[in-house]
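J.: Pasting a predicted model and its sequence here:
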Amino acid sequence: MLKKIRVEQLKVGMYVHALCGTWLSHDFWRTSFALDRLDSLLKLRSSPVKEVWIDTDRGLDLSDPAISSAIDASIKSTKPSTLEEELRRATEICADAREIMVHMFSKVRVGQSMDMATAQELVTAIANSVQRHPEALISIARLKTTDNYTYMHSVAVCSLMVALARNMGMNTAQVQQAGLAGLLHDIGKAEIDLDILNKPGPLDEAEMGQMKLHPVKGHAILQTCMEDAAILDACLHHHERLDGKGYPHGLSNEQLTRLTRMTAICDIYDAITSDRPYKKGWSPTEALQRMKQWCHAHIDAQIFEVFVRTIGVYPLGSLVRMQSGLLGVVCGSASSSMSRPKVMVFYHIGLQRMLRTPQVVDLEKMTEECIADSEEPSQWPTLNMEQLCQKAAKLVNLA
């Protein structure tokens, strides 16, 4: 459907059918085009053109989610930031990313084409956030709930893929490619029955058979809107295993590309550390211990080693119990030992009371203190993990 709107209402992802006014009033050599770049949007907004006709059958409508100010700002900036600053940005990016993923899945469910321009912009925003401070967005994306798992899982895997690709020495284009594979790897779930997708219990054999179709369905969807063979392969084969016991095609070893192996690791990690309707997620530490046992048969050992270095044994935002009996939240990575990060201690478990003044302890400098074990945030329902991370980040900046 054609619709006339003001240029201020334009957003990336719309399809411009015609520019209002004479051709002498602007310097666009085409008057009908997909508005798929932020610089084209800014150019239009600064031109003498006041109104345009958009085709909502070929692009976004006014009611569709736009590139938010948080994502827009992240796209434009790669300047390093403090942990406190980036946690605040990451919270906004994740909130907007969820809306974008909900909209993307909804369009696929009703047979409409995917908005690849917005997906690319979102990946760029996430990649820039990871570049500014590697741990912030990954920690915020982990704080998902069971009712938004499908959407935020895609965002979390995207951020993990970006961070892993950077640590593997990939160039900017390859990092973007890895992020897009992570963001879109589960798009096929948009065509899975919602009763199966949201079932509050284990799937039976028939339901699992339907769920195992999502990589094939996703591959078919993506083939209509992209030509990147590596991304298509990663989305199709991220549930394959090195020993050939995965699905959908039972590929093994050298048949699995590097990008596919990366996607498998990031997908597994976020899945097993997330709470699901039928199962509580494992702690990051337990998840990494289990995944180490799956190396060689299931996942690539060399890539997994880089993955562990990327996120750390105790990722930012992890709730931990100290040997001294204090409860703390990890607020900074260690430079020489992955098991001795910076921790903000704030609660005495034995005395069952909050500390009068939370303190940041650098375990690399303290031989008498260490982490005894990870704690499940779900076992401490009164704690607001997002607020604790923000408080810890502020204390780190003051230290």
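T.: Ah, there it is.

J.: What residues of the longest strand belonging to the chain count as buried?
T.: Using DSSP state E to define each element, the chain has its longest strand at strand 353-362. Within strand 353-362, the residues that qualify as buried by neighbour count (16 or more other Cβ atoms under 10 Å) are 358, 360-362. Just so you know, the C-beta spots here come from the backbone N, C-alpha and C atoms, and that holds for glycine as well.

J.: quick one: which of those is nearest I196?
T.: For I196, the nearest member of the buried residues of strand 353-362 is P358. The distance, counting by Cβ to Cβ, is 43.8 Å.

J.: measure the closest one to A392 for me?
T.: Here P358 is placed at a distance of 8 Å from A392 (Cβ to Cβ, to the nearest Å).

J.: cool, M322 as well?
T.: Using Cβ to Cβ, we find M322 at a distance of 14 Å from A392.

J.: higher neighbour count, the two?
T.: Ranked by neighbour count (other Cβ atoms under 10 Å), M322 and A392 place A392 first, with 27 against 18.

J.: Give me the residues contacting the host helix or strand of that one.
T.: Secondary structure assignment for A392, by DSSP states H and E: helix 385-398. Under the contact criterion Cβ atoms under 8 Å, 6 or more residues apart in numbering, helix 385-398 has outside partners 82-84, 87-88, 91, 139-140, 143, 316-317, 319, 329, 331-332, 342, 344, 346, 358-360, 377.

J.: lowest-confidence helix or strand of the protein?
T.: Least confident helix or strand, the chain: helix 38-45 with a mean of 74, by mean pLDDT, DSSP states H and E.

J.: what distance separates it from the centre of its chain?
T.: When C-alpha coordinates are averaged (Cα atoms, centre = their mean, to the nearest Å), helix 38-45 and its chain have centres 27 Å apart.

J.: I'd like the next helix or strand past it.
T.: Downstream of helix 38-45 (by DSSP H and E), the next one is strand 51-55.

J.: beta partners of M344?
T.: Beta-bridge partners of M344, counted by DSSP bridges, are V329, V360.

J.: That one and K4, how far apart?
T.: Here the criterion is Cβ to Cβ. By it, M344 lies 54 Å from K4.

J.: Would you mind telling me which of these two has more residues around it?
T.: M344 (24 against 12).

J.: shouldn't that one be in contact with D362?
T.: No: using Cβ atoms under 8 Å as the test, M344 is too far from D362 to be in contact (10.8 Å).

J.: Quick one: the strands in the chain, in order.
T.: Listed in chain order (using DSSP E), the strands of the chain are 2-6, 15-19, 33-34, 51-55, 319-322, 326-332, 342-348, 353-362, 371-374.

J.: Out of the ones you listed, which one sits most buried?
T.: Per-residue neighbour counts averaged over each of these give the maximum for strand 326-332, namely a mean of 25 (mean count of other Cβ atoms under 10 Å).

J.: Just want the angle from it to helix 385-398.
T.: If you take axes from the mean of the first three to the mean of the last three Cα atoms, to 10 degrees, strand 326-332 sits at 70 degrees to helix 385-398.

J.: what's in contact with strand 326-332?
T.: Contacts with strand 326-332, where a contact means Cβ under 8 Å, 6+ apart, come from 83, 312, 314-322, 341-349, 355, 360-362, 375, 380, 385, 388-389, 392-393, 395-396.

J.: cool, stretch 71-79 as well?
T.: Outside stretch 71-79, the residues within contact range by Cβ under 8 Å, 6+ apart are 38, 67, 89, 93, 96-97, 121-122, 124-126, 128-129, 131-132.

J.: go again using 7 Å as the cut-off
T.: The contact list for stretch 71-79 (Cβ atoms under 7 Å, 6 or more residues apart in numbering) reads 38, 89, 93, 96, 121-122, 124-125, 128-129, 131-132.

J.: and if you look at stretch 217-230?
T.: Surrounding stretch 217-230, the residues in contact under the criterion Cβ under 7 Å, 6+ apart are 108, 113-114, 116, 177, 184, 186-188, 191, 232, 235-236, 257, 259.

J.: Closest to R290 out of those?
T.: The shortest distance between R290 and any of the contacts of stretch 217-230, using Cβ to Cβ, involves D186 and amounts to 21.0 Å.

J.: The closest one and S154 touch, don't they?
T.: Yes: contact between D186 and S154 holds when scored by Cβ atoms under 7 Å: they sit 5.7 Å apart.

J.: Those two: which has the busier surroundings?
T.: S154 (27 against 23).

J.: Report the separation between the more buried one and R241.
T.: Distance, S154 to R241, using Cβ to Cβ: 22 Å.

J.: cool, T82 as well?
T.: 41 Å.

J.: For the chain, give me the ranges with low pLDDT.
T.: Within the chain, the set of residues satisfying pLDDT under 70 comprises 22-29, 38-39, 65-68, 145-147, 335-336, 398-399.

J.: any idea which helix is longest in it?
T.: Ordering each helix of the chain by length in residues (DSSP state H) puts helix 83-109 first.
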